[in-house]
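K.L.:
This is the structure alone, sequence omitted:
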Ligand SMILES: C[S@@+](CC[C@H](N)C(=O)[O-])C[C@H]1O[C@@H](n2cnc3c(N)ncnc32)[C@H](O)[C@@H]1O
């Protein structure tokens with residue numbers, strides 16, 4: 001494989017490519033490198049490659065022409081990648097894909113980046129090495145060279161393999177140990193000295209699952225898992241931020257179509273479905289808020305049927321879910337109950353189909369450390385006073401579309417799933 005690096009700092013690569021496995025791969029002829037400096041292709045008498053940005057602002061921009069000329073020197077089969085924060089994320093799967101190429105050209109930007117017209121004129125794929133900004137593409141290019149290079153056959157010694165490493169199977173790798181067998185009172189797990197290949201494999205898989213659950217639950221949710229894996233995961237202790245999440249369904253005060261303050265009637269469907277969501281996602285609780293005595297009685301009768309009456313015999317699971325429902329008069333009572341049981345006043349996050357700017361990621365972050373009460377409205381939505389009194393308002397589901405009129409129980413399910421997913 002050949003890597004052709006287009007950079008105004010080719011010397012950046014001297015040391016990293018002259019040590020370790022990359023240097024050996026070079027010596028063995030597995031990987032070749034060539035460097036093209038756009039300065040050498042600048043027609044400017046000072047070999048300048050940058051200029052001030054149109055529209056003003058700080059920094060300089062790399063000019064299109066020297067880079068286009070530099071790209072013109074590449075072989076016909078070169079796949080041209082440009083290191084850029086806006087690019088496709090560099091993942092193990094992408095590294096595997098690239099390992100099959102004959103020639104990869106890596107275009108390294110500097111300053112504020114490269115004149116945007118380059119991408120209109122040349123076939124270039126932007127690649128990003130992480131959600132942060134570097135001074136230039138060189139460090140990113142080195143990440144890519146190493147991630148791709150080590151997947152080339154014979155790059156690694158016969159005792160090393162990329163197959164079991166982190167991300168290869170969609171999981172993080174298990175922990176490693178070497179001599180001494182005991183250090184500062186810490187012993188190497190006994191199974192690793194057992195010589196029992198099957199037990200070692202099983203232990204490693206379990207540790208891999210544990211590490212991934214603890215450190216990267218996001219990738220665990222996407223990983224291919226066997227029935228055995230799922231059985232093991234079910235037994236593991238895990239942080240349950242869902243316990244910090246409470247839901248309130250408000251029947252008063254809400255607004256009608258004309259913006260008047262009204263009270264709505266509760267529905268059996270909302271009662272059941274949101275209770276089932278609360279139970280499935282392990283929420284702290286579900287409050288139904290109605291100050292109307294008849295409505296409170298009705299809610300308690302419905303709940304009683306499933307908790308104690310005939311419903312309990314017919315479907316005990318439903319009783320478990322409905323056991324989560326607390327009937328209160330006003331939202332403030334729900335807030336007071338949560339404060340009492342958690343010792344902390346919950347952050348109140350209102351919801352609306354029309355407005356809201358708080359992201360699910362922000363609320364998920366809050367759930368890691370404090371209780372949050374997600375407030376859902378009925379009728380034509382929560383009363384303006386409830387919205388004004390909230391600590392924040394969650395961004396509407398499908399906020400970019402014209403039609404987003406969901407039932408409140410559908411909205412509750414979608415929001416809770418976005419906040420907690422399968423692992424939270
Ligand atoms: C200072 S950065 C320019 C950042 C650019 N103004 C922006 O905000 O997106 C200069 C160059 O570093 C490289 N670079 C910076 N961060 C990167 C990242 N996360 N992934 C890949 N390349 C990156 C790109 O080649 C970029 O053109």
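P.N.:
That came through fine. What you are looking at is a predicted structure, and each value in this text was computed from that prediction instead of being measured.

K.L.:
For the rest of this, base every contact and every neighbour count on C-alpha atoms.
P.N.:
OK.

K.L.:
all strands in the stretch 1-150 of the chain, in order from the N-terminus.
P.N.:
2-6, 32-36, 50-51, 61-62, 79-89, 103-108, 125-128 (DSSP state E, counting those that start in this stretch).

K.L.:
want to try CSV for the ones you listed, with mean pLDDT as columns?
P.N.:
Shown next, in CSV, are these (pLDDT from 0 to 100):
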stretch, mean pLDDT
strand 2-6, 98
strand 32-36, 98
strand 50-51, 97
strand 61-62, 98
strand 79-89, 98
strand 103-108, 98
strand 125-128, 98
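
K.L.:
So residue 148 sits against residue 100, correct?
P.N.:
No - the pair residue 148 / residue 100 is not scored as a contact, 9.1 Å apart, by CA atoms under 8 Å.

K.L.:
Comparing these two, which residue is more hemmed in?
P.N.:
Using other CA atoms under 10 Å as the criterion, residue 148 and residue 100 rank with residue 148 on top: 21 against 12.

K.L.:
Report the buried residues of stretch 351-371.
P.N.:
By neighbour count on 16 or more other CA atoms under 10 Å, the buried set for stretch 351-371 is 351-353, 356, 358-360, 363-364, 366-368, 370-371.

K.L.:
Turn these into JSON lines, including distance to the ligand.
P.N.:
JSON lines is the format used below for these (distance: CA to the nearest ligand atom, whole Å):
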{"residue": "351", "distance to the ligand": "32"}
{"residue": "352", "distance to the ligand": "33"}
{"residue": "353", "distance to the ligand": "32"}
{"residue": "356", "distance to the ligand": "27"}
{"residue": "358", "distance to the ligand": "24"}
{"residue": "359", "distance to the ligand": "22"}
{"residue": "360", "distance to the ligand": "24"}
{"residue": "363", "distance to the ligand": "25"}
{"residue": "364", "distance to the ligand": "24"}
{"residue": "366", "distance to the ligand": "26"}
{"residue": "367", "distance to the ligand": "28"}
{"residue": "368", "distance to the ligand": "27"}
{"residue": "370", "distance to the ligand": "32"}
{"residue": "371", "distance to the ligand": "34"}
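
K.L.:
any idea which element residue 413 lies in?
P.N.:
Using DSSP states H and E, residue 413 falls within helix 408-420.

K.L.:
Please list all residues in contact with the residue of the stretch 251-400 of the chain found nearest the ligand.
P.N.:
Closest residue of the stretch 251-400 of the chain to the ligand, CA to the nearest ligand atom: residue 361 (20.5 Å). For residue 361, the contacting residues are residue 419, by CA atoms under 8 Å, 6 or more residues apart in numbering.

K.L.:
what about it, helix or strand, and which?
P.N.:
Judged by DSSP H and E, residue 361 forms part of helix 360-367.

K.L.:
what does the average pLDDT come to for that helix?
P.N.:
Helix 360-367 shows a mean pLDDT of 98.

K.L.:
the inter-axis angle of that helix versus helix 408-420?
P.N.:
With axes from the mean of the first three to the mean of the last three CA atoms, to 10 degrees defining the directions, helix 360-367 sits at 70 degrees from helix 408-420.

K.L.:
For helix 360-367, what is the distance to the chain centroid?
P.N.:
12 Å (CA atoms, centre = their mean, to the nearest Å).

K.L.:
What's the first helix or strand after it?
P.N.:
Criterion used, DSSP H and E; the element after helix 360-367 is strand 372-377.

K.L.:
on contacts alone, who are the packing partners of that following strand?
P.N.:
Counting by 3 or more CA pairs under 8 Å, 6 or more residues apart in numbering; DSSP states H and E, the packing neighbours recorded for strand 372-377 are strand 245-250, strand 347-350, helix 408-420.

K.L.:
buried set for the longest one?
P.N.:
Taking 16+ other CA under 10 Å as the basis for neighbour counts, the residues of helix 408-420 that come out buried are 408, 409, 411, 412, 413, 415, 416, 417, 418, 419, 420.

K.L.:
again, but for stretch 136-147
P.N.:
By 16+ other CA under 10 Å, the buried positions in stretch 136-147 come out as 136, 137, 138, 139, 140, 141, 142, 144, 145, 147.

K.L.:
Would you mind giving both backbone torsions of the closest residue to the first one other than its chain neighbours?
P.N.:
Distances taken as CA to CA, 6 or more residues apart in numbering put residue 110 closest to residue 136, at 4.5 Å, once the chain neighbours are dropped. The main-chain torsion angles of residue 110 are listed as degrees, to the nearest 10 and equal phi -140, psi 180.
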